[in-house]
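Chemist: just coords:
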């Protein structure tokens, strides 16, 4: 395999490698007769990222005749460490005239990069190939997903900025646009999509962590929103989402998110303009495993020990299938609300009673012993992530008391 790239293609290739490095640690090159594919898998085997570079993407792309014939069935493949490729791209792209890469044959032990700088300097890097790769190819048909949404990177960045930067998992709840989220308040009830932070309920600091929810009107925030039927939710990792977000922002492409239900994978991909990407000479996909247990499943939301006579008879809003009324000073646009359930203010005595109840119960939460299943070569299945058996417990949050009118 021999290839060469420069200019805009070189900058795009650098963005691709940077994006993949934020997801996994190993990079697999797979050369076909008409394209080059880059794959990586994260350490928990819950995220698979792939970049496809068509033949026209490169200034020069060549496979030997025998290798091209074999690539029709089995691609020419090698696996290297992503940090080694990042070291090659440490030279600023503005100072590079072109980059050449070559892999002599399938069993070659070194992948060679040659950088030709504008000042005449020539740099040669030879990266050792690993013996066996743990990254496997995963193919998902986008048409199998019944629901999808499209959003601009800057809008998604603005929405995510309302959450803590340390948040690891995010839940998306989708309903039909005409129905919206069930709520007694018509202002919030008209929002069809909800974003909320997911925090491990088995953690000791679960009650003290900040819980954030956003109610979103698809007509205001999304370029496209398709969903029909019952409400569904998916919970997935934020780190990998932000990696693709940065990539799409650099490529000036919108983000497409395809999803089905809890426990099924979600697929994210850039959208170039209004087409499906067929006119572009490169494409990228990110497949994320989702939590197996739905956050909308009433049977998986147990009742919390009552902390007051009033709250003892009041079920959790999510378990009851309806949400508590929102404060009257909410805007008519995207909502930011840090209360997971209920808006009834708690007094000092209620807080003291809560602490006493916790001391009586003790810290008897047990972390579920789950393990990540490996990604297989199945065309449309991805393993679920850790925390698959988490049980979400209700939580009550304080609200500032309004001054008397």
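Modeler: Looks like it arrived, so ask away. Since the structure is predicted, the reported quantities are computational estimates derived from the model, not experimental observations.
Chemist: quick check: which element contains residue 4?
Modeler: Using DSSP states H and E, residue 4 maps to strand 2-5.
Chemist: now swap in residue 214 and tell me
Modeler: Assigned by DSSP H and E, residue 214 falls in strand 213-216.
Chemist: past that strand, which element shows up next along the chain?
Modeler: Beyond strand 213-216 toward the C-terminal end (DSSP H and E), the next one is helix 218-221.
Chemist: surely residue 253 and residue 268 touch.
Modeler: No. With contact defined as CB atoms under 8 Å, residue 253 does not count as touching residue 268 (11.4 Å). C-beta here means a position set from N, CA and C on the backbone, and glycine is covered the same way.
Chemist: secondary structure class for residue 10?
Modeler: When classified by DSSP: H, G, I helix; E, B strand; the rest coil, residue 10 comes out as helix.
Chemist: picking that back up, packing partners of the strand holding residue 214?
Modeler: strand 193-198 (3 or more CB pairs under 8 Å, 6 or more residues apart in numbering; DSSP states H and E).
Chemist: could you find the closest non-adjacent residue to residue 155?
Modeler: Nearest residue to residue 155, sequence neighbours excluded (CB to CB, 6 or more residues apart in numbering): residue 221, at 5.7 Å.
Chemist: run a quick neighbour tally on the one you found.
Modeler: By the measure other CB atoms under 10 Å, the count of residues near residue 221 is 21.
Chemist: I'd like the numbering to begin with 15 instead of 1 from here.
Modeler: Yes, from this point I'll number from 15; that puts the last item at residue 235.
Chemist: thought it was touching residue 173?
Modeler: Yes. Residue 235 is in contact with residue 173 according to CB under 8 Å; the separation is 7.0 Å.
Chemist: wait, what's in contact with residue 117?
Modeler: Listed by CB atoms under 8 Å, 6 or more residues apart in numbering, the contact partners of residue 117 are 15, 43, 45, 90, 92, 125, 126.
Chemist: let's go with 6 Å and repeat that
Modeler: When contacts are counted by CB atoms under 6 Å, 6 or more residues apart in numbering, residue 117 touches 15, 92, 125.
Chemist: and residue 234, by the same measure?
Modeler: No contacts exist for residue 234 under CB under 6 Å, 6+ apart.
Chemist: just the one 4 residues further on next, same as before
Modeler: Contacts for residue 238 were tallied using CB under 6 Å, 6+ apart; they are residue 164.
Chemist: any weak-confidence spans in the stretch 15-164 of the chain?
Modeler: 79-87, 145, 149 (pLDDT under 70).
Chemist: which positions in the strand holding residue 18 come out as buried?
Modeler: The neighbour-count check on strand 16-19 (16 or more other CB atoms under 10 Å) flags 16, 17, 18, 19 as buried.
Chemist: now those residues as CSV including distance to residue 107?
Modeler: Output for those, formatted as CSV (distance: CB to CB, whole Å):
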residue, distance to residue 107
16, 21
17, 16
18, 14
19, 10
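Chemist: how about the secondary structure of residue 306?
Modeler: Assignment for residue 306 (three-state DSSP): coil.
Chemist: that one against residue 279, yeah?
Modeler: No. With contact defined as CB atoms under 6 Å, residue 306 does not count as touching residue 279 (11.5 Å).
Chemist: out of the two, which sits in the busier spot?
Modeler: More neighbours surround residue 279 than the other of residue 306 and residue 279, with 25 against 17 (other CB under 10 Å).
Chemist: residue 159 versus the more buried one, what's the distance?
Modeler: 9 Å (CB to CB, to the nearest Å).
Chemist: now residue 104
Modeler: For residue 104, the distance to residue 159 - CB to CB - is 38 Å.
Chemist: more crowded one of those two?
Modeler: Using other CB under 10 Å, the more surrounded residue of residue 104 and residue 159 is residue 159, with 19 against 8.
Chemist: OK, contacts around the residue nearest to that one when sequence neighbours are not counted?
Modeler: Nearest non-adjacent residue to residue 159, counting by CB to CB, 6+ apart: residue 272, 3.7 Å away. When contacts are counted by CB under 6 Å, 6+ apart, residue 272 touches 156, 159, 162, 281.
Chemist: number of nearby residues for the first one?
Modeler: Look at residue 156: counted by other CB under 10 Å, it has 12 neighbours.
Chemist: before we move on, what SS does the closest residue to it other than its chain neighbours have?
Modeler: With CB to CB, 6+ apart as the criterion, residue 156 has its nearest non-adjacent residue at 5.6 Å, and that residue is residue 272. Following three-state DSSP, the label given to residue 272 is strand.
Chemist: one more: residue 27?
Modeler: Strictly by three-state DSSP, residue 27 counts as helix.
Chemist: over to residue 168?
Modeler: Of the three states, residue 168 takes helix under three-state DSSP.
Chemist: likewise residue 164?
Modeler: On the three-state scheme (three-state DSSP), residue 164 is labelled strand.
Chemist: surely it and residue 271 touch.
Modeler: No. Contact criterion CB under 6 Å: residue 164 and residue 271 do not qualify, at 7.6 Å.
Chemist: more neighbours: these two, which one.
Modeler: Neighbours per residue, other CB under 10 Å: of residue 164 and residue 271, the larger number sits with residue 271, 23 against 17.
Chemist: from what I see, the more buried one and residue 163 are in contact.
Modeler: Yes. The pair residue 271 and residue 163 qualifies as a contact (CB under 6 Å) at a distance of 5.3 Å.
Chemist: now do the end-to-end distance for stretch 26-43.
Modeler: End-to-end distance of stretch 26-43 (CA to CA, to the nearest Å): 16 Å.
Chemist: please report phi then psi for the residue nearest to residue 254 when sequence neighbours are not counted.
Modeler: Spatial nearest neighbour of residue 254, chain neighbours left out: residue 61 (4.3 Å); criterion: CB to CB, 6+ apart. When read as degrees, to the nearest 10, the backbone of residue 61 gives phi -140, psi 130.
Chemist: thinking again about what came up before, from the contacts of residue 272, which two are the most distant?
Modeler: Farthest apart among the contacts of residue 272 by CB to CB are 162 and 281. That separation is 8.9 Å.
Chemist: which one's more surrounded, these two?
Modeler: residue 281 (23 against 19).
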